[in-house]
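In: the following comprises the amino acid sequence and a computationally predicted model.
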Amino acid sequence: MTLPEPVKRFWYAAMSLGRRIEPTPWGAVATDHRFPLVWDANSAAVLEPDGVATAAGIREVLHPALAAAGAPYEHVEFWEASVPASLLEEFRREADVRDPDVVMASEGAPPTAAPSEVRVEEMTRPDAAFWPWYRDSLREFGMALSEEVLDQMVRRTREVLHPAGLRWFVGHLDGRPAGYASLISLEDVGYLDNVVTVPKLRGRGVAAACVAAAVRTRKGGGDRLVFLLAERDGSPQRLYERIGFRAVAPVESFTTPLRSEVRS
C-alpha cells in the first residue's frame, strides 16, 4: 500500500509548523528547540518512495538538526513503506521504541450518527479547566511520561497546534467529560491526533462517538479526507473500521536515545 497523496501533503504542512524544516529527497527533517523532549516535534519523516539508500544517509541530515535543537532522541518515521527492506530492518534492530501503525482514512460520505448516550461538543476555545484534564489524558497512551515531557507536550499544543487550528470533540457521560478526539486540518485534510477515554468510562462508546462527530464536522467543513493512526492489527483498528475508516498504508516509527557524542 502506498501513502495517499493527501496524507503526504498534510504531513509536510504539519512538519512546517515547527521552528525548522529541512526538505530532503526522501522527505523532511523537522526540529523545534522549544520542545526538545517531544519526539513528534524533532524527527525525520520518510515520505517519498525514492532517494533513501541507507540509515546513515538519513542520520547525516537528522543528527545535526537534533543537536542544534537540543533533542536527546532520534525519532524516524517511515510513512512510505516502499523503501529497501534492509533499511527498515536496520532501524528495527536498533530502536528502543518501535511503533508499527497503520494509516486509516475516512473518505466519501461522513458516518451517520448512531444512537448513543454520549453527548459530543466541539471545543475550539479551551478554558482554564480544560488544560489540566488534557494534560492528565496524555498519560493514557501506554507510555511513561515525565513531568517535563508532559509540560512540553502541552505547551506545544497550546502554542503551536491550537493556533494552527487544532480543536477537540469532547464526549460527555453523566454530565462530565468522558473523553475526546482531537483534530487538526491542514491542506484540506483532517488528522485525528489523539483519541482517549477516561479509563473507568471505557466500553460505553465514547471514542466512537467523538471520532464520528469529528469526521462529520470536518467533512461538512470541506476536508476531503480525514485520517488517523492506529496500532496495526489492534482493537482500535477494528473500532475505526466499524465507523467507516479503512487501512490505506502502513507506518513504522523508531525511537532511540542519541549517543552523547552526537548531542554535543
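Out: Received, thanks. Numbers count the residues shown, from 1 in each chain.
In: now do the SS call for residue 249.
Out: strand (DSSP: H, G, I helix; E, B strand; the rest coil).
In: residues contacting it?
Out: Taking CB atoms under 8 Å, 6 or more residues apart in numbering, we find residue 249 in contact with 1-4, 7, 79, 81, 102-103. C-beta here means a position set from N, CA and C on the backbone, and glycine is covered the same way.
In: what about residue 203, neighbour count?
Out: As a burial measure, residue 203 scores 8 neighbours (other CB atoms under 10 Å).
In: a strand runs through it, doesn't it?
Out: No - checked against three-state DSSP, residue 203 lies outside a strand; its state is coil.
In: from residue 118, how far off is it?
Out: 12 Å (CB to CB, to the nearest Å).
In: repeat that for residue 239.
Out: 14 Å.
In: more neighbours: which of these two?
Out: residue 118 (22 against 16).
In: assess the claim that the more buried one and residue 174 are in contact.
Out: No - between residue 118 and residue 174 there is no contact, the gap being 10.3 Å when judged by CB atoms under 8 Å.
In: in the chain, mark out all the strands, start to finish.
Out: Secondary structure of the chain by DSSP state E: the strands cover 20-24, 27-31, 43-46, 73-78, 97-106, 119-123, 167-173, 176-186, 189-197, 225-231, 246-257.
In: average pLDDT across the third one?
Out: Across strand 43-46, pLDDT averages out at 97.
In: below-threshold pLDDT in the chain: ranges please.
Out: Scanning the chain for pLDDT under 70 picks out the ranges 1, 109-110, 113-115, 260-264.
In: got the domain boundaries for it?
Out: Using automatic domain parsing, the domains assigned to the chain come out as 5-101+251-263, 119-249.
In: need those domains in a markdown table with distance to residue 107, can you?
Out: Formatted as a markdown table, these follow (distance: least, CB to CB, whole Å):
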| stretch | distance to residue 107 |
| --- | --- |
| domain 5-101+251-263 | 9 |
| domain 119-249 | 5 |
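In: so which of the strands of the chain gets nearest residue 139?
Out: strand 189-197 (9.4 Å; CB to CB).
In: lovely, talk soon.
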